[in-house]
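# heads up, no residue letters with this:
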Ligand SMILES: Nc1nc2c(ncn2[C@@H]2O[C@H](COP(=O)(O)OP(=O)(O)OP(=O)(O)O)[C@@H](O)[C@H]2O)c(=O)[nH]1
Ligand SMILES: [Mg+2]
């Protein structure tokens, strides 16, 4: 990867605490308490891009293009009284791209691991995807069985998937991006899991207002949970859940 | 964009090809195409500046070396190649799944997933027969090129050929073609020509699609080095915001900018690529640099997230051919300045 100088994938997520500076130019939706980087992974065609567009824009398309490289979108939600901005990275599913896409996992604190309930192979591959993820530091993970609307072609039973998730001690949910079933829940579940993890872990550093070297005036975020740089917040699609 | 240096200005005046008005160029091109043995150097030179739509199909066939320069041999070659392709279908495609190796099955399934997601907004590509033709082209290419196999994005690369050859055969603009009226012998021809032209196109860029995609990695690296040299403020801003060139340029490399522009403009860019004497992947990196730097000011006012959203969906819907000409000239200029002087790239 070009000029790849991002931090080692095994290092723990950065927890940066910065001063919260309020200025009158800022719109209220620009403000958030946390920024979480979350990745969508799983085999090609399971519906990752449509889960993303359903969650961030409430859109679904039966004929979206395949994802090449990486795409991303954000949405701001409220969890346990905190404003959380989710920055969701949608990766390409084809095996061929694995060498490239795994670089995008870096810095993610959560992953939605998606399979297609009508294609058993996408479920069987979960094991491999999990391995891939665990190689990239421990994250909050949720297994998502998508396309639950296609009832008559179901090939992976709910119990089977539940059993798999329990065995790996991971949350599990079935969704339909098409019918907008449980999509909201899948994302908010993982976001609040991440939030409780960091709340449980949070030491003294995280709540204190320690101005860091790269603390920029006008940036409204307090805490960024990710290896990504602190980013300004100008997203307009924010909306509470 | 930075103002051209003295050195650069000189390069413009001495190296740019004289551009003649489009209709004059069309006439010249027509004359070149009618010669018993096409003067390829002349054809390349004229094509570089854009090929009139009505001449594009045959010109591309010639530039890709699918058709021979010698007019006498053309029909024979076409017949043989189309025949040869058709013969591969029962051997490779129309076989039972149980006769496919695991890899072949994987390729087959991936193509079945991608074909309905190829140019999904065009009714033409929603047509069953067109989708079948595309699936066969991709599958047969994939299994005959085991070093790479089929990789997502190659489906995109086949679309300009399908559109071009259908337009030629139906003698209609693509949006005017009712897919249900395409005679099957026409589609058969279009499919075979698409297969061979795609094969020729990919011959030069195979390592974009082999394991870990080294060709793409190299191009992305070169792009970043170029931008560092050409537009340091933009480069610094990207670095400061920790935008990796892979975040946005991977798709540009993988799909040869097809997803960054409307089809008629991508096709114009490809005219130039196919007319290049050197491998077009060299110029392509410069075109990507010119494209990125075109948005320099805008990008520098954006943060990480807004930059990526912007570059994922660049505002090119309203671009016209003149803007593409400017982009290509800029790329040409930078290429002639920097390509053989790597020292330029190494120091800031
Ligand atoms: N019935 C149904 N179809 C869905 C659902 N989600 C996605 N699809 C369809 O499944 C196909 C693939 O969806 P995508 O979102 O493109 O899949 P992806 O996982 O992003 O695929 P890659 O980008 O190739 O990795 C598309 O045709 C979608 O319309 C769903 O919940 N129900
Ligand atoms: Mg996708």
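That came in fine, so what should we check first? Bear in mind the structure is a predicted one, so any value in this text is a computation, not a measurement. Ligands and ions are numbered 1, 2, ... in the order given.
# okay, now residue A:175: neighbour count?
Neighbours of residue A:175 under the rule other Cβ atoms under 10 Å in any protein chain shown: 28. Placement of C-beta: from N, CA and C, glycine included.
# tell me who's in contact with it.
A:51, A:144, A:145, A:146, A:148, A:181, A:182, A:183, A:185, A:186 (Cβ atoms under 8 Å, 6 or more residues apart in numbering or on different chains).
# if I pick the closest residue to it other than its chain neighbours, what's in contact with it?
Excluding its sequence neighbours, the residue lying closest to residue A:175 (Cβ to Cβ, 6 or more residues apart in numbering or on different chains) is residue A:182, at 4.4 Å. Under the criterion of Cβ under 8 Å, 6+ apart, the neighbours of residue A:182 are A:148, A:173, A:174, A:175, A:176.
# domains of chain B?
Domain assignment for chain B by automatic domain parsing gives B:1-55+B:212-348, B:65-203.
# can I get those in a markdown table with mean pLDDT, mean neighbour count and distance to ligand 2?
Below are these laid out as a markdown table (pLDDT from 0 to 100; neighbours: other Cβ atoms under 10 Å in any protein chain shown; distance: least, Cβ to the ion, whole Å):
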| stretch | mean pLDDT | mean neighbour count | distance to ligand 2 |
| --- | --- | --- | --- |
| domain B:1-55+B:212-348 | 88 | 17 | 12 |
| domain B:65-203 | 95 | 17 | 9 |
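# which helix runs longest in chain B?
helix B:184-203 (DSSP state H).
# is the residue in the stretch 1-150 of chain B that chain A sits nearest to in a helix, a strand, or coil?
Closest to chain A within the stretch 1-150 of chain B is residue B:120: 3.2 Å, counting by Cβ to the nearest Cβ. Secondary structure, DSSP: H, G, I helix; E, B strand; the rest coil: residue B:120 is coil.
# next one: it from ligand 1, what distance?
8 Å (Cβ to the nearest ligand atom, to the nearest Å).
# check what contacts stretch A:183-201 and list those residues.
Residues outside stretch A:183-201 that contact it (Cβ under 8 Å, 6+ apart): A:15, A:34, A:36, A:38, A:51, A:54-55, A:75, A:77, A:79-80, A:82, A:84, A:86, A:88, A:109-112, A:140-142, A:144, A:171, A:173, A:175-177, A:206, A:225, A:241.
# can you pull the buried residues of it?
A:183, A:186-195, A:197-198 (16 or more other Cβ atoms under 10 Å in any protein chain shown).
# picking that back up, what's the residue of the stretch 1-150 of chain B closest to chain A sitting at in phi/psi?
Main-chain dihedrals, residue B:120, degrees, to the nearest 10: phi -60, psi -20.
# ok, the nearest residue to it once chain neighbours are set aside - contacts?
Ranked by Cβ to Cβ, 6+ apart and with sequence neighbours excluded, the top spatial neighbour of residue B:120 is residue A:63, at 3.2 Å. By Cβ under 8 Å, 6+ apart, the contact set of residue A:63 is B:116, B:117, B:120, B:121, B:126.
# scan chain A for its longest helix.
Longest among the helix segments of chain A by residue count, using DSSP H, is helix A:183-201.
# would that one count as contacting ligand 1?
No - using Cβ under 6 Å from any ligand atom, helix A:183-201 stays clear of ligand 1, coming no nearer than 8.4 Å.
# same thing with stretch B:305-315?
No - taking Cβ under 6 Å from any ligand atom as the criterion, stretch B:305-315 and ligand 1 are apart, separated by no less than 13.4 Å.
# hmm, who's touching that stretch?
The contact list for stretch B:305-315 (Cβ under 8 Å, 6+ apart) reads A:71-74, A:87, A:231-232, A:234-235, B:238, B:241, B:243, B:247-248, B:251, B:260, B:291-292, B:295, B:298-299, B:302.
# make it 6 Å
A:71, A:231, B:243, B:247, B:248, B:260, B:299 (Cβ atoms under 6 Å, 6 or more residues apart in numbering or on different chains).
# looking at those residues, which is nearest residue B:319?
residue B:260 (10.0 Å; Cβ to Cβ).
# residue contacts, that closest one?
residue B:314.
# for residue A:76, helix, strand, or coil?
strand.
# helices of chain A, start to end?
For chain A, the helices defined by DSSP H occupy A:48-57, A:98-101, A:120-124, A:126-134, A:158-167, A:183-201, A:204-207.
# and those as TSV, adding distance to residue B:59 and mean pLDDT?
Below are those laid out as TSV (distance: least, Cβ to Cβ, whole Å; pLDDT from 0 to 100):
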stretch	distance to residue B:59	mean pLDDT
helix A:48-57	36	97
helix A:98-101	35	77
helix A:120-124	44	97
helix A:126-134	46	89
helix A:158-167	54	97
helix A:183-201	48	91
helix A:204-207	63	38
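# out of those, nearest to ligand 2?
Ligand 2 lies closest, by Cβ to the ion, to one member of these: helix A:48-57, at 3.2 Å.
# that closest one to helix A:183-201, inter-axis angle?
Per axes from the mean of the first three to the mean of the last three Cα atoms, to 10 degrees, the angle that helix A:48-57 makes with helix A:183-201 is 80 degrees.
# does any part of stretch A:143-153 sit near ligand 1?
Yes - Stretch A:143-153 lies within reach of ligand 1 by Cβ under 6 Å from any ligand atom, at A:146, A:147, A:149, A:150.
# pick the one among those closest to ligand 1.
Comparing those against ligand 1 with Cβ to the nearest ligand atom places residue A:147 closest, at 3.9 Å.
# was I right to think the closest one contacts residue A:119?
No - counting by Cβ atoms under 6 Å, residue A:147 does not reach residue A:119; the two are 8.6 Å apart.
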